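Novice: with the input below, show me the fold.
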Amino acid sequence: ESKIVIVDSRILADKSLLDYLHKRNIPRDIASRSCREVDFLLYGKKQTVIGFQNNAGGYELRSQNFKGSSSPKDTTFIDNGSKLLSVFEGFFNYLADRTSNHKAGEALTNFLGLNSLSFFEKSRNLMENHERVNLYLDRDKAGINCTQEALKWNQYLYKDQSHLYSNHKDLNDWLVNKQPDIKQGQKIGRSF
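Specialist: The predicted structure is shown next:
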């Protein structure tokens, strides 16, 4: 069958998945807070990947050799009771933020993983229920267009944070390529 069917989920432990996290400079303890090891079937073949659950119960699924999602597709909103919101296009960028800021004593923020830019405009009401929205979208045409659109909506509410990883595709790419220059836990320079 061409549909992804989730079979099981558990704590991250598979060596190949842990190696993949290491390659992307995401510590296991950071990933384990938000991700699961997920088994799924596709075309009758079982695969094991890293899964990041969305608000509708579906998963974003990643491994060295697979990128996809299970149904239903949705955003992932992490509510920490804050008036601040950090928005990420994909979950590895969220994990990169958590990696670079986890010891930095930062201001408490809520998080929104879009899991697809198709949810950006649909998430506008949720985003605008905050006093400030920091956008960490990819530095490609689609991410830049969404950021520019948000700045047209309200340039005082939305803040483009992509300058923090200029010359990189996204926040995780910055983390992978800048890791020798920073210590784990060093803030990337978020401003609130």
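
Novice: what are the boundaries of the strands in the chain?
Specialist: 5-10, 35-42, 45-53, 59-63, 66-69, 76-78, 84-88, 110-113, 132-136, 158-160 (DSSP state E).

Novice: what's the offset of the fourth one from the middle of its chain?
Specialist: What separates the centre of strand 59-63 from the centre of its chain is 11 Å, taken as Cα atoms, centre = their mean, to the nearest Å.

Novice: by contact count, what packs against it?
Specialist: Using 3 or more Cβ pairs under 8 Å, 6 or more residues apart in numbering; DSSP states H and E, the elements in contact with strand 59-63 are helix 15-23, strand 35-42, strand 45-53, strand 66-69, helix 91-101. Placement of C-beta: from N, CA and C, glycine included.

Novice: looking at the ones you listed, spot the one closest to residue 122.
Specialist: Closest approach to residue 122 among the helices and strands packed on strand 59-63 is made by strand 66-69 (16.0 Å; Cβ to Cβ).

Novice: what mean pLDDT does the closest one have?
Specialist: The average pLDDT within strand 66-69 is 95.

Novice: what comes up buried for it?
Specialist: Along strand 66-69, these residues count as buried under the neighbour rule (16 or more other Cβ atoms under 10 Å): residue 69.

Novice: now do the contacts for the most centrally placed residue in the chain.
Specialist: Nearest to the geometric centre of the chain sits residue 91, at 2.2 Å (Cα atoms, centre = their mean). For residue 91, the contact set (Cβ atoms under 8 Å, 6 or more residues apart in numbering) comprises 34, 35, 52, 60, 62, 76, 113, 115.

Novice: give me the pLDDT value at the residue nearest to the first one when sequence neighbours are not counted.
Specialist: Counting by Cβ to Cβ, 6 or more residues apart in numbering, residue 34 lies nearest to residue 52, which is 6.2 Å off, once chain neighbours are set aside. Each residue has a pLDDT score; the one for residue 52 is 98.
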